[in-house]
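*Asks:* A structural model of the following input is requested.
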Amino acid sequence: MTPASTDAYLDTRVSLFAGRLWPDAALDALIDADDAAVAGGLAHKGLSMLAPQAEQAGASLEQRIVAQILDETRVLIRPLAGEARDFLSFWTARFEMSNVKALLRSKMNGERAAAALARLVPMGAFGRLDGEALAHAEDAGELLRRLEAGPYAGIVRHARRAFEQSRDPFVLDAALDQGYYEGLVARAQPLEARFGAPLRGLMAALVDRINLVWLLRYRFNYGLPPAQVYYLLIGARYDLPGARLRELAQLGALPAVLAALPAPWRARLTGARDIPDVFARMERAGAEQALRVLRGHAPPLARAFAYLILRERDLRALRAVLRGHRLGLGAADIRLALQRAPVRLH
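*Replies:* Sure thing, here's the model as predicted:
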């Protein structure tokens, strides 16, 4: 395809996919619906595979959600090549990193390979690892060595070193997450230079939110020292660069951290009660920004990334609603667990 035809295809496909997003009111109505209405609402949005009856086919709800995300990503990247294709493809590697963490936990817990394999998310065409072979590694050390010889060598090498220093499985998980997002930032940077503010804004909202929430959790939930907190954060130059993150990690309480944030962040987080509230507010701000990019005249790649951010947010919310129904929770309890405030554009 020529660049013009690639942009036209992607723009058209994103606009069509945008109709699949769930308005806040429709999602809220699903909380109060009975089983028949839930199945009907999912079918109307082309998501019959998420209905409770579909679980009988063997795949978990999480696996079916990821399969849907991967399928839509596959369609969006079809005309892309080079750095743009690599960026959107790497966005799906988060799920493969989850598989890596599941395999490592299974080795640390002495589980059989079959139990670990049953929990892995099938990656389809996006898969870069041989899960079957990795599941049969002798122990976590051998598994890490095998991974270091594979496509995620840089991520795993950094995580292994962090784990060897602490022997803490939590640090291993955190370092894998950090390595993944630093890989995403590296792939985004040349594209930000080409496509400008819309893509850079999406990346900034994503990475700065993750860094702030990680900093708060690591510092105040897990009691890690400031230097270790900073070491586990994503290196990036957005609204919260490294120097600012280092200063924030030194502070001793949530209110002090929030008071030291840039002015727009302070306004957004005024009155935040706790870390989950901070996450919910920042996640909503990111969704509002993604919706502005999706509905505006941004470059097609930025619109595609915005759609994927919003689509995953919707599907995660649907997961919470469906699990709530399955557990027999009341509507109020489902809404509390969901922590999804309506998105508003100003």
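*Asks:* got the contact list for V171?
*Replies:* A162, F163, Q165, L232 (C-beta atoms under 8 Å, 6 or more residues apart in numbering). Bear in mind the C-beta positions are built from the backbone N, C-alpha and C, glycine included.
*Asks:* show me where the stretch 151-300 of the chain has helices.
*Replies:* All helices of the stretch 151-300 of the chain, identified by DSSP state H, counting those that start in this stretch, fall at 153-166, 169-195, 197-216, 226-231, 242-249, 254-259, 263-269, 275-295, 300-326.
*Asks:* backbone dihedrals for the nearest residue to P151 once chain neighbours are set aside, please?
*Replies:* Excluding its sequence neighbours, the residue lying closest to P151 (C-beta to C-beta, 6 or more residues apart in numbering) is R128, at 4.5 Å. When quoted as degrees, to the nearest 10, the phi and psi of R128 stand at phi -120, psi 0.
*Asks:* burial of R128, as a residue count?
*Replies:* 12 (other C-beta atoms under 10 Å).
*Asks:* quick one: contacts for it?
*Replies:* Contacts of R128 by C-beta under 8 Å, 6+ apart are A93, E96, G150, P151, Y152.
*Asks:* tell me which of these is nearest to A39?
*Replies:* Nearest to A39 among these is E96, at 30.8 Å by C-beta to C-beta.
*Asks:* what is whichever helix or strand the closest one is part of packed up against?
*Replies:* Here E96 sits within helix 93-108, counting by DSSP states H and E. Packed against helix 93-108 by the contact rule (3 or more C-beta pairs under 8 Å, 6 or more residues apart in numbering; DSSP states H and E) you find helix 61-77, helix 113-119, helix 131-135, helix 140-148, helix 169-195.
*Asks:* buried stuff in the shortest one?
*Replies:* Using 16 or more other C-beta atoms under 10 Å as the burial criterion, the residues of helix 131-135 that qualify are G131, L134, A135.
*Asks:* likewise the second one?
*Replies:* Neighbour-count burial for helix 113-119, with 16+ other C-beta under 10 Å as criterion, is recorded at A113, A116, L117, R119.
*Asks:* the last one against A102, yeah?
*Replies:* Pointing back at R119 there. Yes: R119 lies in contact with A102 (C-beta atoms under 8 Å); the separation is 5.4 Å.
*Asks:* sorry, back to before: the helices and strands packed on helix 93-108: which one's closest to E288?
*Replies:* Per C-beta to C-beta, nearest to E288 of those: helix 169-195, 19.8 Å.
*Asks:* buried residues, the closest one. List them.
*Replies:* Under 16+ other C-beta under 10 Å, the buried positions of helix 169-195 are 171-185, 187-188, 191-192, 195.
*Asks:* contacts only, for L315.
*Replies:* L315 neighbours (C-beta under 8 Å, 6+ apart): L50, I65, Q68, I69.
*Asks:* could you redo the last one with a cut-off of 10 Å?
*Replies:* R20, W22, L47, L50, L61, E62, R64, I65, V66, Q68, I69, E72 (C-beta atoms under 10 Å, 6 or more residues apart in numbering).
*Asks:* what is the nearest of the buried residues of helix 113-119 to A243?
*Replies:* Nearest member of the buried residues of helix 113-119 to A243, counting by C-beta to C-beta, is R119, at 40.1 Å.
*Asks:* list the residues that contact M282.
*Replies:* Neighbours of M282 in contact, by C-beta under 10 Å, 6+ apart: A205, L206, D208, R209, I210, L212, V213, W265, R268, L269, A272.
*Asks:* same list (those residues) but as a markdown table, adding pLDDT and distance to A36.
*Replies:* Shown next, in a markdown table, are the contacts of M282 (pLDDT from 0 to 100; distance: C-beta to C-beta, whole Å):
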| residue | pLDDT | distance to A36 |
| --- | --- | --- |
| A205 | 95 | 38 |
| L206 | 97 | 37 |
| D208 | 96 | 43 |
| R209 | 96 | 37 |
| I210 | 97 | 39 |
| L212 | 97 | 42 |
| V213 | 97 | 38 |
| W265 | 92 | 44 |
| R268 | 92 | 40 |
| L269 | 94 | 41 |
| A272 | 93 | 39 |
